[in-house]
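Asker: model this:
(one chain, ligands or ions: 1)
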Amino acid sequence: MGKKRATITAVGHYVPDRVLTNADFEKMLDTSDEWIRTRTGIRERRILDDGGSSDLAAKAIEAALENRGISAEELDVIIVATVTPDMFFPSTACLIQEKIKAKNAWGFDLSAACSGYLYALSVGAQFVENGTHKKVIVVGADKMSSIVDYKDRTTAILFGDAAAATLLEATDDNSFGIQDTILRADGSGGVHLHMRGGGSLHPSTHETVDEGMHYLYQDGKAVFKVAVVGMADVSAEILERNNLTGAEVDWLVPHQANLRIIDACANRMGLDKSKVMINIDRYGNTTAATIPLCLSEWWQAGKLRKGQRLVLSSFGAGYTWGSILMRWSFDKAKQ
Ligand code: ACO
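Answerer: As a prediction, this is how the structure comes out:
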């Protein structure tokens, strides 16, 4: 029997109700709607007031399960991409397993920041492809508001809270599903984007809190320079090694960190803007959730259709980056 191919068979997402607009930031910080829109593409983001990333994720997974028409008990594995776990342990996956009553599933958390979803999708696909597991849920969930310093205008305006889940199963038709994957890492980038406090190196103390080490730190300019090239390079590379041109791609599904990074990536791939999924204006950067959130919204709207060719691309802390090429295998109406 040939190797199976993994494909996404359901999507679901959850965003909290509270909206934090650029106008709200104008009242809190020395910034302007105009600066934020032109430099990032963001207009507003969602904020979770009560609960943690597991609550966002549980709701996203439940939506995906409902869309697929299966119960949580049918899940075999739960993989959670997050940099904002509810706590160090137990894992967010275990907390979610209990919340959704997925009593037959095991699971784990995976940390790769904004590339977390691509890393997790690739890992989840292995379980399906080698035939050991049938139903693997991959969820990107981040409550970025829990690690953002709302006094720092250079990072506060960028991030939002969300979760989105995708179910992976085997496909009989190998022309669908995940076709190719490129994943990269460069640990030398850690100095420009990190959260130093609270880990084993700097356990939380009054001093670490006084120094703001429990907040996300980013040298935006340094990250921008590498991200804009890195995400475009890897997206072009996956096309090239599969003998594809931009014209043969139906959707670029980019990580939503900055509209200028997304535009540069699309240009490099020779893609028209109409083929790029963009929702950064409404949600900001939701870290591991951005890419599946796009997939879920576009599928909901009936714009993501069976047979379409997708390139998923990301760049984030680590540095971590990558691209996944896939062919979409289900329409909304026919599910
Ligand atoms: N409002 C007004 N002015 C601001 C703001 C703000 N919110 N933030 C910064 N500025 C100012 C700066 O102080 C600076 O002023 P100065 O010239 O007087 O010093 C000026 O605007 C320009 O600042 P830059 O940092 O150069 O602005 P830039 O155009 O680079 O935009 C941004 C900043 C949006 C953060 C951009 O650098 C970026 O998108 N970086 C990459 C982000 C990314 O991809 N991260 C990876 C994923 S995140 C993850 O993995 C968790």
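
Asker: Spell out which helix or strand contains L239, please.
Answerer: Per DSSP states H and E: L239 is located in helix 220-240.

Asker: so how far is that helix from its chain's centroid?
Answerer: Relative to the chain's own centre, helix 220-240 is displaced by 16 Å; criterion: C-alpha atoms, centre = their mean, to the nearest Å.

Asker: Name the residues of the stretch 201-335 of the chain found near the ligand, please.
Answerer: Taking C-beta under 6 Å from any ligand atom, the part of the stretch 201-335 of the chain that reaches the ligand is made up of 220-221, 223-224, 227, 257-258, 261, 285, 287, 315-317. Quick note: C-beta positions are derived from backbone N, CA and C, even for glycine.

Asker: My error: substitute the stretch 51-200 of the chain in the last question.
Answerer: A113, C114, R153, T154, I157, L193.

Asker: got these as TSV, with neighbour count and secondary structure columns?
Answerer: Converted to TSV, these look like this (neighbours: other C-beta atoms under 10 Å; DSSP: H, G, I helix; E, B strand; the rest coil):
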residue	neighbour count	secondary structure
A113	24	helix
C114	31	helix
R153	16	helix
T154	14	helix
I157	24	coil
L193	22	strand
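
Asker: follow-up on the earlier one: what's the farthest-apart pair in the residues of the stretch 201-335 of the chain next to the ligand?
Answerer: K221 and T287 (19.6 Å; C-beta to C-beta).

Asker: number of nearby residues for the spatially closest residue to G51 that is not a sequence neighbour?
Answerer: Spatial nearest neighbour of G51, chain neighbours left out: K143 (8.0 Å); criterion: C-beta to C-beta, 6 or more residues apart in numbering. Neighbourhood size, K143 [other C-beta atoms under 10 Å]: 30.

Asker: coming back round to it: higher neighbour count, K221 and T287?
Answerer: Each of K221 and T287 has its neighbours counted (other C-beta under 10 Å); T287 has more, 34 against 9.

Asker: Not counting sequence-adjacent ones, nearest residue to that one?
Answerer: Closest to T287 by C-beta to C-beta, 6+ apart is D142, at 3.9 Å.

Asker: Can you name every helix or strand that the host helix or strand of that neighbour contacts?
Answerer: In the assignment (DSSP H and E), D142 maps to strand 136-143. Judged by 3 or more C-beta pairs under 8 Å, 6 or more residues apart in numbering; DSSP states H and E, the packing partners of strand 136-143 are helix 53-68, strand 77-81, helix 116-129, strand 161-171, helix 290-300.

Asker: Dump the ones you listed to TSV, plus distance to A333, mean pLDDT and mean neighbour count.
Answerer: Output for the helices and strands packed on strand 136-143, formatted as TSV (distance: least, C-beta to C-beta, whole Å; pLDDT from 0 to 100; neighbours: other C-beta atoms under 10 Å):
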stretch	distance to A333	mean pLDDT	mean neighbour count
helix 53-68	12	98	24
strand 77-81	28	98	28
helix 116-129	25	98	24
strand 161-171	18	98	28
helix 290-300	11	98	25
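
Asker: With distance to V19 as extra columns, can I get those in a markdown table?
Answerer: Formatted as a markdown table, the helices and strands packed on strand 136-143 follow (distance: least, C-beta to C-beta, whole Å):
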| stretch | distance to V19 |
| --- | --- |
| helix 53-68 | 15 |
| strand 77-81 | 24 |
| helix 116-129 | 23 |
| strand 161-171 | 11 |
| helix 290-300 | 15 |
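
Asker: Minimum distance to E207: which of these has it?
Answerer: helix 53-68 (26.6 Å).

Asker: hang on, the earlier thing: next one: the residue nearest to G51 from D210, what distance?
Answerer: As judged by C-beta to C-beta, to the nearest Å, K143 and D210 stand 23 Å apart.

Asker: hang on, the residue nearest to G51 packs against S54?
Answerer: No: using C-beta atoms under 8 Å as the test, K143 is too far from S54 to be in contact (9.3 Å).
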